[in-house]
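Engineer: need a 3D model of the sequence below.
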Amino acid sequence: MNEQKKDVKYMPAIRKARYPRKHLVHLFLMPALFFYIVFQIYPILSAFLNSFFSFKGMHKDSFIGLENFVRLFTESPFKETFNNAFWHNIIFFIGTVLTKLIVAFILALIINSKIKGKEFFKTVLFVPKLLSVIVVGFLFSLILNPTYGALNTFLKIIGLESLAQPWLGDPDTALYTIILVNSWYGLGFAILIFLAGLQAIPEDIFEGSENGWCKRSNHDTEDYDTNDHASHYD
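Structural biologist: The predicted structure is shown next:
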């Protein structure tokens, strides 16, 4: 008993000796945190602070307070440009979220069902998320090129030459094209999230809901047949 008490007593000391520098693990986050602050946080804060100053070319001049913001909301062409950019961002956000979530949910339901090759489809749909934004942008700049792009070339081959157009150069189609490309890029991750949620639901619930729906349908059909026969004899 005394030996066991001694072992228990010296356990914290043994753990400290075995892991003397466990807090040094946090140092591995420092390089990523450094680059995030330098290339993400600092430019945002710098741009916000510079908005309170006037500029002469590339050189900061005097402090003017909120004058730049007042001109942005009241003077032309800044007011029109800001309004267009604001509503374009709203349309882009809503269009991307709705397109991505609706399509991802439908595909997740299909993949979660008992179909052959579901692992293959999951892999294929998630591959775009593994690509960098630069690669995706370059890829679609080639696909959507108005002169030699694959999309316009395909439309011409199948006899739909009238639909071929500069997808990214036409103001009527550029925004919606970007929405579709961005939705395609993030589709795989959304599918995985929905799949994780669907697979966490016990199969008994699905089976019970299916059986309940079948019983409800059969019951409604029997009631309809009974009422139909009764009205016929009346």
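Engineer: so where is the protein shaky, pLDDT-wise?
Structural biologist: Counting by pLDDT under 70, the chain contains low-confidence ranges at 1-22, 204-234.
Engineer: tell me which element the residue positioned nearest the centre of it is part of?
Structural biologist: What sits nearest the mean C-alpha location of the chain, by CA atoms, centre = their mean, is residue 186, with 4.5 Å. Here residue 186 sits within helix 174-199, counting by DSSP states H and E.
Engineer: contacting residues for residue 131?
Structural biologist: Counting by CB atoms under 8 Å, 6 or more residues apart in numbering, residue 131 makes contact with 139, 185. (Glycine included, C-beta is placed from N, CA and C.)
Engineer: next, it: phi, psi?
Structural biologist: Per-residue torsions, residue 131: phi -80, psi 150 (degrees, to the nearest 10).
Engineer: separation between it and residue 143?
Structural biologist: 14 Å (CB to CB, to the nearest Å).
Engineer: is it true that residue 92 touches residue 176?
Structural biologist: No - here residue 92 lies out of contact with residue 176, judged by CB atoms under 8 Å, at a distance of 9.4 Å.
Engineer: what's the overlap in contacts for the two?
Structural biologist: With CB under 8 Å, 6+ apart, residue 92 and residue 176 have no common neighbours.
Engineer: mind listing the strands for the protein?
Structural biologist: Along the chain, counting by DSSP state E, strands occupy 53-56, 59-63.
Engineer: now the ones you listed in JSON lines, with mean neighbour count and distance to residue 80?
Structural biologist: Formatted as JSON lines, these follow (neighbours: other CB atoms under 10 Å; distance: least, CB to CB, whole Å):
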{"stretch": "strand 53-56", "mean neighbour count": "12", "distance to residue 80": "22"}
{"stretch": "strand 59-63", "mean neighbour count": "9", "distance to residue 80": "26"}
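Engineer: what's the closest of these to residue 98?
Structural biologist: Taking CB to CB, strand 53-56 is the member of these nearest to residue 98, at 39.5 Å.
Engineer: other SSEs contacting that closest one?
Structural biologist: strand 59-63 (3 or more CB pairs under 8 Å, 6 or more residues apart in numbering; DSSP states H and E).
Engineer: can you tell me what sits against the strand it packs on?
Structural biologist: For strand 59-63, the surrounding residues in contact (CB under 8 Å, 6+ apart) are 50, 52, 53, 54, 55.
Engineer: tell me the strands beside it, with direction?
Structural biologist: Its sheet considered, strand 59-63 pairs with strand 53-56 (antiparallel) by DSSP bridges.
Engineer: what about the residue lying closest to residue 121 once chain neighbours are set aside, distance to residue 191?
Structural biologist: Spatially, and ignoring its direct neighbours in sequence, residue 121 is nearest to residue 111 (5.6 Å; CB to CB, 6 or more residues apart in numbering). For residue 111, the distance to residue 191 equals 7 Å [CB to CB].
Engineer: swap in residue 48?
Structural biologist: 36 Å.
Engineer: by residue count, what's the longest helix in this structure?
Structural biologist: Longest helix of the chain, by residue count under DSSP state H: helix 78-112.
Engineer: got the buried residues for that one?
Structural biologist: Neighbour counts over helix 78-112 (16 or more other CB atoms under 10 Å) mark 95, 96, 99, 100, 101, 104, 105, 107, 108, 111, 112 as buried.
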